[in-house]
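J.: turn this into a model:
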Amino acid sequence: MRLLLLGCTGLVGRELVPILSQEGHQLTVVSRRPRAAVAWATDLGHDWLQLDPAQASNWAQGGGLQQALENADGVVNLAGEPIAEQRWTEAHRQLLNTSRLATTSHLVAAMQRLEQPPAVLVNASAVGFYGTSAEATFVESSPAGDDVLGTLCRDWETAANGRPDSTRLVVVRIGIVLAPEGGALGKMLPVFRAGFGGPIGSGRQWMSWIHRSDLCQLILHALTDSRWSGVVNGVAPEPVSMATFASTLGRCLGRPSLLPVPGPVLHLLLGDGARVVLDGQQVRSERLPQLGFSFRYPDLSEALAAATTTRSR
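T.: Numbers count the residues shown, from 1 in each chain. As a prediction, the model looks like this:
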């Protein structure tokens with residue numbers, strides 16, 4: 001397939017782009033970052049566009065991005081600023097919204113202009129869609145939460161639903177992605193390896209997680225298997241508490257995990273962004289078993305062992 005990739009030079013894309021390349025797909029990678037910053041992607045020899053897909057002017061008819069879309073059989077849209085890596089100032093909250101909503105809105109508007117739009121769109125969302133709860137279990141049919149992240153994810157998915165009727169849409173509500181180069185695990189690893197790790201906050205909050213390799217395989221299936229459509233929760237079969245996650249990570253590293261990180265400290269560092277880690281939600285997928293998806297890392301111990309001992313390209 002000829003694929004247009006948006007937002008695929010971050011944590012997930014670092015493994016996804018090589019996998020799609022190895023599968024023989026022809027790729028056009030779009031990123032705001034210069035080529036030198038993502039040599040692992042440019043070295044694969046695929047087309048490259050350095051621009052911001054959240055800017056309407058970059059979707060002008062006759063431009064490089066519109067041309068790449070015209071030639072594409074499928075699109076993967078993972079564009080969006082990281083949720084919980086800094087304080088939610090007003091400017092950063094605006095960036096969280098714009099990077100997702102504007103990019104997706106411009107994408108589907110450009111698709112609507114085409115006589116023959118791409119056959120499939122795989123669009124990211126997040127388990128933050130469901131809001132937070134200490135007791136409830138959320139599945140694909142559960143309603144959206146009414147907090148900041150729930151509203152953001154709902155609007156993000158609404159934008160993606162504007163794609164042409166002929167385009168098969170798969171929305172992946174992604175959980176906490178386990179990979180060593182970044183994300184939640186990447187931030188925790190130095191602390192745990194130094195022997196100062198422990199649960200964050202109460203330790204009772206739920207973590208709905210997925211190993212990056214499984215998420216990449218899920219996206220590959222969504223692109224190539226016409227049975228996949230609608231919403232799919234991108235989470236491993238067994239969510240765990242933060243306390244279980246911390247103790248399991250400590251065992252994998254052979255380090256203690258006894259020193260909890262108090263919630264107020266995290267709030268001081270991340271402001272409202274701390275809610276992503278402190279509140280949590282228990283999310284499972286009813287659809288992945290129905291689709292016959294097989295996890296390589298369904299068990300947290302195996303997933304953490306893989307994520308902490310190997311590095312993808």
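
J.: any idea how far residue 185 is from the residue lying closest to residue 111 once chain neighbours are set aside?
T.: For residue 111, ignoring the flanking residues on the chain, the nearest one in space by Cβ to Cβ, 6 or more residues apart in numbering is residue 117 at 4.4 Å. In this view, the C-beta of every residue, glycine as well, is placed from N, C-alpha and C. Computed with Cβ to Cβ, to the nearest Å, the distance linking residue 117 and residue 185 is 37 Å.

J.: more neighbours, the two?
T.: Using other Cβ atoms under 10 Å, the more surrounded residue of residue 117 and residue 185 is residue 185, with 24 against 21.

J.: identify each buried residue in the helix or strand containing residue 249, please.
T.: With secondary structure defined by DSSP states H and E, residue 249 is part of helix 242-253. When burial is assessed from 16 or more other Cβ atoms under 10 Å, helix 242-253 yields the following buried residues: 242, 243, 244, 245, 246, 247, 248, 249, 250, 252, 253.

J.: the last one against residue 192, yeah?
T.: Pointing back at residue 253 there. Yes: if you go by Cβ atoms under 8 Å, residue 253 and residue 192 touch, sitting 5.4 Å apart.

J.: residue ranges with poor pLDDT in the chain?
T.: 35-43, 84-88, 261-263, 265-277, 310-313 (pLDDT under 70).

J.: just the helices in it please.
T.: 13-22, 39-42, 64-70, 90-97, 103-112, 148-160, 183-193, 212-224, 242-253, 263-270, 275-278, 287-291, 300-309 (DSSP state H).

J.: burial check on residue 133, number of neighbours?
T.: 16.

J.: so how far is the helix holding residue 249 off the chain centroid?
T.: Shown here is helix 242-253, whose average C-alpha point lies 22 Å from the average C-alpha point of the whole chain (Cα atoms, centre = their mean, to the nearest Å).

J.: can you list contacts of it?
T.: Where contact means Cβ atoms under 8 Å, 6 or more residues apart in numbering, the residues beyond helix 242-253 that reach it are 185, 188-189, 192-193, 197-207, 209, 240, 256-257, 277, 280, 300-301, 304-305, 308.
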